[in-house]
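> My questions are about this predicted structure, shown below with the sequence.
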Amino acid sequence: MTIHILSANGLVQDLAADRVTPQQQAVYLILNFCAWIVPSYLYLFPAPTTTEVQSFFWSVWLIEMFLLVLICITGVNSCLRKCRIDPRKNFFVDFTCLSIPVTITTLIVIWGVFHLFTTLPAWLLVQGTVSNESLWWLPWLQSSRIYDVMRLLASVGVVFITFLRIGEHMERLSRIRESAKHGVQATPASERA
């Protein structure tokens, strides 16, 4: 039983060849929930830090929530459109399975870069290995507003890039399925919706 935790390309090949068993699909679904829940509870996805609760916090929080809902609705529908070969059978399985390698790699890169630019300089400053003057070019260390906007961009960016990458893999998977079965035609758009 091969589970592709980091390799979406290997998983695309297994999905195209119909080698992903229902037990493996269940594992992918469980891993997908864990990929979002575990980092949240480990505080790897930071909360807003501003102390201006009445004005800035709520506006940033509401903007982030609105963007995430909009991206999720648009992203799922976009991925559904890219699942052209028998979406009634393939969409949920393909989407669920592909989301784990895509989500894990996207989370690592985006939040890794975020923490590299925010946590590491702050930690170096606390350790005394750098001076306040040498970090003047990092305004997010001086302003919670800038930090919160960077956090919002990282949070929204992770979800946007995740859906974009899942859609690209689903498009590729549809092309592989079409070429593997020359007689198979894409399901008309009216039947996919």
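Sure thing, it's come through.
> any idea which element the most centrally placed residue in the chain lies in?
In the chain, the C-alpha nearest the mean C-alpha coordinate belongs to residue 162, at 3.3 Å (CA atoms, centre = their mean). Assigning secondary structure by DSSP states H and E places residue 162 in helix 144-180.
> Can you tell me which helices and strands that helix packs against?
Counting contacts by 3 or more CB pairs under 8 Å, 6 or more residues apart in numbering; DSSP states H and E, helix 144-180 packs against helix 8-16, helix 58-82, helix 87-127. The C-beta positions use only the backbone N, C-alpha and C, and glycine is treated the same way.
> ok, and what's touching the first one?
Think helix 8-16. Contact with helix 8-16 is made by 2, 4, 20, 90, 93-94, 97-98, 101-102, 105, 165, 169, 172-173, 176-177, 180, as judged by CB atoms under 8 Å, 6 or more residues apart in numbering.
> Would you mind writing the CA trace of that helix as CSV?
Only the C-alpha atoms of helix 8-16 are listed here, as CSV (Å, rounded to 0.1, in the frame of the first residue of the first chain):
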residue,chain,number,x,y,z
ALA,A,8,1.4,14.4,-6.3
ASN,A,9,3.0,13.2,-9.5
GLY,A,10,3.2,9.6,-8.3
LEU,A,11,-0.3,9.8,-7.0
VAL,A,12,-1.6,11.1,-10.4
GLN,A,13,-0.1,8.0,-12.0
ASP,A,14,-1.8,5.7,-9.4
LEU,A,15,-5.1,7.5,-9.8
ALA,A,16,-4.9,7.3,-13.6
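> Same question for the very next helix or strand once past that helix: list its buried residues.
Tracing the chain C-terminally past helix 8-16 and defining elements by DSSP H and E, one meets helix 22-41 next. Residues of helix 22-41 classed as buried by neighbour count (16 or more other CB atoms under 10 Å): 24-25, 27-29, 31-32, 35.
> what about the protein, any weak spots by pLDDT?
For the chain, the stretches flagged by pLDDT under 70 are 1, 50-55, 57, 122, 125-126, 128-143, 182-193.
> Backbone dihedrals for residue 6, please?
Main-chain dihedrals, residue 6, degrees, to the nearest 10: phi -120, psi -10.
> Return the residues in contact with it.
101, 104-105.
> any idea how far residue 171 is from it?
Between residue 6 and residue 171 the computed distance is 20 Å (CB to CB, to the nearest Å).
> Kindly report the same for residue 58.
Separation of residue 58 from residue 171 (CB to CB): 38 Å.
> what's the answer for residue 154, then?
For residue 154, the distance to residue 171 - CB to CB - is 26 Å.
> With residue 2 instead?
To residue 171, residue 2 is 23 Å away according to CB to CB.
> and the two? which has more neighbours close in?
Just comparing residue 2 and residue 171: by other CB atoms under 10 Å the higher neighbour count belongs to residue 171, 16 against 10.
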